[in-house]
Structures are given as C-alpha cells and as structure tokens.
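Provided below are the primary sequence and the corresponding predicted coordinates.
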Amino acid sequence: MKLEENKYYHIYHRGVNKADIFFNPADYALFLDKYLYYLYLSADTLAYCLIPNHFHAIIKIRPIEEQKRLFDFVQSTYPTESFHGDVYHSFKPYKASVQMGHFLNSYTKLINNKYEREGLLFNGRFKRIEIDSEEYMSYLICYIHRNPIHHGISNSYESYPYSSFCELFSDAKSFINRKAVFEVLGGKENAKAAHDEVRLKIEDKYLLEDI
C-alpha cells in the first residue's frame, strides 16, 4: 500500500522472530531521534508507543507544500553536513515510504554496531493500515497508548515512559500533533476519559496481525 498525501495511517512493526528491538533505555531515545530525522518532513505524528519487541505510530502523510514550509527550518536546526549528509541544499520532496526504509535501516545498523550483532532486526516490511474514520482514529490512539498495559509491562498510562501519552497531556515541547489528537477525542479532558473507557477486548474489525 502506497502512503498517500493527506491520509492517516497506523504503522507498526516488530522484531524478527518477535525478538526485542530495544535492549536498554538509551535505545528508545536513539529510535526516536532517528524517527524524527528521517520522517518528520514527510509525516506528522499523532501518537506512538514503543514496546520492547515492536512499535506503533499514527501518522499523517504531509503534502509537498507542507514539506516545503518545514524544510528550511528543519535543515537549519542541524549542524552543517549532518542533515541527511547535507545532500539537499534545496528542497526535494520526501516520500514517506522511502523515508521509513531509511529510518529502519539506519536504526538496525546502529543497534547491530552497538551490540556487535549481525543480520535483520525487524521482521520483513513494516505494516500500514489506512485510518478511514474518526471512530477508528479515536480507538487507535487509545489502543496504542494502552499497549504497555495490554502486554503486562505497565499498570497505567502515566507510568510508561516510551509512549506519547504523557507528552499529550504535558506542556513540554513535543513533535506530537496534540491539536489533531484533541480534535478527534473531543478536547483535552475528553481525551483522558476516552483512554479510561478503552477496553482490552478488541473489536474484530480492528484486529491486527500477531505482534
């Protein structure tokens, strides 16, 4: 499935043979650094969650006009020759699917070098599902944030440090599009209530592949 401009997608991926893709706390920060470096210009992020052996994110594919507006600002925030190797001195459109490949390959190489391992880190191609309704979107935002509870690695939304839940309700700077999330969930207070109402039982139409 091609990632098309102005459309929303749930993207997710897991480690090969369901093995971990994060091995210590620093790896989560490294993952997000690379995620932003490769994907920020091509995709707006509404929510994410990083689990030891997989990750989820909700993204909107930015149109070329929006990419152009962001390009100069983003390029200026990186030291000389560090923004994609300083290859793009002038704007060149980014394709989100291509950038996803660069991102996953880069993270894999860093992890392999760091832990002196070889081979694949992720299981094949990343998965993507188009989000075609606000109902589905609101469900997915809460579902993704609830993942650590669902998998038994946290007992609350607030206590898990590797998701966008706490960023959503914080005033700290974040790459998460809070405005878009609150519009879908009916405001900041309703957003909390929506998370509290999510049930562990997943409706059949929202079932994902086993991850």
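Sure thing, it's come through.

quick one: secondary structure of Phe91?
Here Phe91 is recorded as coil under DSSP: H, G, I helix; E, B strand; the rest coil.

burial count for it?
Counted with other CB atoms under 10 Å, the neighbours of Phe91 add up to 15. Bear in mind the C-beta positions are built from the backbone N, C-alpha and C, glycine included.

what sits against the residue positioned nearest the centre of the chain?
Central residue of the chain (CA atoms, centre = their mean): Ala57, 3.3 Å from the mean position. By CB atoms under 8 Å, 6 or more residues apart in numbering, the contact set of Ala57 is His10, Ile11, Tyr12, Tyr35, Thr45, Ala47, Tyr48, Cys49, Ile144.

Determine the three-state secondary structure at the second one.
Going back to what we said before, that points to Ile11. The three-state assignment at Ile11 reads strand, by three-state DSSP.

Name whatever forms a beta bridge with it.
For Ile11, the beta-bridge partners are Ala57, Arg128 (DSSP bridges).

That one against Ile59, yeah?
Yes. In this structure, Ile11 is within contact of Ile59 by CB atoms under 8 Å, at 6.2 Å.

okay, those two: which has more neighbours?
Neighbour tally, Ile11 and Ile59, criterion other CB under 10 Å: the higher count belongs to Ile59, 24 against 21.

Low-confidence regions, the protein specifically.
1, 81, 85-89, 199-211 (pLDDT under 70).

From the contacts of Ala57, pick the one nearest Glu4.
Lowest distance from Glu4 to these (CB to CB) belongs to Ile11, with 13.4 Å.

how about the closest one, what does it touch?
Contact partners of Ile11, counting by CB under 8 Å, 6+ apart, are His56, Ala57, Ile58, Ile59, Met100, Phe126, Lys127, Arg128.

Going by contacts, tell me the helices and strands next to the host helix or strand of the fifth one.
Under DSSP states H and E, the secondary-structure element containing Met100 is helix 96-115. Packing partners of helix 96-115 (3 or more CB pairs under 8 Å, 6 or more residues apart in numbering; DSSP states H and E): helix 25-39.

name the helices or strands packed onto the helix it packs on?
Using 3+ CB pairs under 8 Å, 6+ apart: helix 25-39 touches strand 43-51, strand 54-61, helix 96-115.

out of these, which comes closest to Phe122?
So among the helices and strands packed on helix 25-39, helix 96-115 is nearest, using CB to CB, at 5.8 Å.

For that closest one, C-alpha coordinates in CSV please.
What follows is helix 96-115, C-alpha atoms only, in CSV (Å, rounded to 0.1, in the frame of the first residue of the first chain):
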residue,chain,number,x,y,z
ALA,A,96,7.2,8.7,3.5
SER,A,97,7.6,5.0,2.5
VAL,A,98,11.2,5.6,1.3
GLN,A,99,12.0,7.5,4.4
MET,A,100,10.6,4.7,6.5
GLY,A,101,13.0,2.3,4.9
HIS,A,102,15.9,4.7,5.5
PHE,A,103,14.8,5.1,9.1
LEU,A,104,14.5,1.3,9.8
ASN,A,105,17.8,0.5,8.1
SER,A,106,19.6,3.3,10.0
TYR,A,107,18.3,2.1,13.4
THR,A,108,19.2,-1.5,12.6
LYS,A,109,22.8,-0.6,11.6
LEU,A,110,23.2,1.4,14.8
ILE,A,111,21.9,-1.4,17.0
ASN,A,112,24.0,-4.0,15.2
ASN,A,113,27.1,-1.9,15.7
LYS,A,114,26.3,-1.1,19.3
TYR,A,115,25.7,-4.7,20.4
